[in-house]
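**Student:** Provide a 3D model corresponding to the input given below.
(chains A and B)
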Amino acid sequence: GDSVTQTEGQVALSEEDFLTIHCNYSASGYPTLFWYVQYPGEGPQLLFRASRDKEKGSSRGFEATYDKGTTSFHLRKASVQESDSAVYYCALSDSTEGADRLTFGKGTQLIIQP
Amino acid sequence: EAGVTQSPRYAVLQEGQAVSFWCDPISGHDTLYWYQQPRDQGPQLLVYFRDEAVIDNSQLPSDRFSAVRPKGTNSTLKIQSAKQGDTATYLCASSFLDRGLEQYFGPGTRLTVL
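**Tutor:** Residues are numbered from 1 along each chain as shown, chains lettered A, B, ... in the order given. Below you'll find the model as predicted:
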């Protein structure tokens, strides 16, 4: 079955640091890739998605580029703020498994120290 | 536009007790999902509906869990005889098929089984 791997369980940075959260995927088809963000006490909310190789998704200063060759969709932000503290999930949807199904990674908790 | 609403927000049970979770999706959304999110993990799909029909319930523990969406709007997820391993947050999400794959999540119900 499909799977998503986020290697960092937690990332701690200071304000204005550069952020990278790694995401690699395994899918039998050609998946659509997503980044979701979850704040305490809330459900996940979509940051952005990408559907094709080399497509870049972006929102709120975050960005990620779909790389079919390395099966990756790493999240980056040039300068983080304290308000970015949250849990970030990489996810995929694969039409061969049912286009509506989202498979999530385990999440990366981002802690930004002022 | 009102978001996805869920109730109750919290539930605490003894093992063997029953509990029901209720979800009101975004108006007009034809697809409704139930996810289980154990602590410090990503959401895992349990079941989803298009209108009133179950599309996929393969991950729903059918001996104790049931889900219905009788009129294609609100939905109820029920656990007949809760176990400690059911301790998790239960998230409801909805989407509109013709508008792509974006799922909108509710705040979830945090269940603790003692």
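
**Student:** how about low-confidence regions in chain B?
**Tutor:** Scanning chain B for pLDDT under 70 picks out B:1, B:98-101.

**Student:** might one say that A:V87 is in contact with A:Q38?
**Tutor:** Yes: A:V87 lies in contact with A:Q38 (CB atoms under 8 Å); the separation is 4.6 Å. The C-beta positions use only the backbone N, C-alpha and C, and glycine is treated the same way.

**Student:** compare the two (neighbour count), which wins?
**Tutor:** A:Q38 (21 against 18; other CB atoms under 10 Å in any protein chain shown).

**Student:** tell me the residues on chain B that lie near chain A, please.
**Tutor:** Within chain B, the positions near chain A by CB under 8 Å from any CB of the partner chain are B:4, B:31, B:33, B:40-45, B:48, B:50, B:55-56, B:91, B:93, B:95, B:97, B:101-108.

**Student:** quick one: low-confidence ranges for chain A?
**Tutor:** Across chain A, the ranges flagged by pLDDT under 70 are A:95-99.

**Student:** so which residues of the chain form strands?
**Tutor:** Chain wasn't specified; assuming chain A. Secondary structure of chain A (DSSP state E): strands at A:3-6, A:10-14, A:19-21, A:23-26, A:32-38, A:45-50, A:56-59, A:62-65, A:75-77, A:86-93, A:103-104, A:108-113.

**Student:** that's the wrong chain, I wanted chain B
**Tutor:** With DSSP E, the ranges of strands along chain B come out as B:5-7, B:10-13, B:19-24, B:31-37, B:44-50, B:53-56, B:65-68, B:75-79, B:88-95, B:104-105, B:109-113.

**Student:** which residue would you name as the spatial centre of chain B?
**Tutor:** B:W34 (3.0 Å; CA atoms, centre = their mean).

**Student:** can you name the residues bridging to it?
**Tutor:** B:V47, B:C92 (DSSP bridges).

**Student:** the nearest residue in space to B:F49 that is not next to it in sequence: neighbouring residues, count only.
**Tutor:** Leaving aside its chain neighbours, B:F49 sits nearest to B:R69 (4.4 Å; criterion: CB to CB, 6 or more residues apart in numbering or on different chains). Other residues lying near B:R69 total 23 when counted by other CB under 10 Å.

**Student:** for A:Y30, same thing?
**Tutor:** Other residues lying near A:Y30 total 12 when counted by other CB under 10 Å.

**Student:** ok, now how distant is it from chain B?
**Tutor:** For A:Y30, the distance to chain B equals 13 Å [CB to the nearest CB, to the nearest Å].

**Student:** which residues of chain A lie near chain B?
**Tutor:** Residues of chain A that fall close to chain B, judged by CB under 8 Å from any CB: A:4, A:32, A:34, A:41-46, A:49, A:89, A:91, A:93, A:98-107.

**Student:** at 6 Å instead, please
**Tutor:** Residues of chain A lying close to chain B (CB under 6 Å from any CB of the partner chain) are A:32, A:42-44, A:46, A:89, A:93, A:98, A:101, A:104-107.

**Student:** report the buried members of the residues you listed.
**Tutor:** Buried residues within these, counting neighbours by 16 or more other CB atoms under 10 Å in any protein chain shown: A:32, A:43-44, A:46, A:89, A:93, A:101, A:104-107.

**Student:** wait, which of those residues is closest to A:D17?
**Tutor:** Using CB to CB, A:G107 comes nearest to A:D17 of these, at 19.7 Å.
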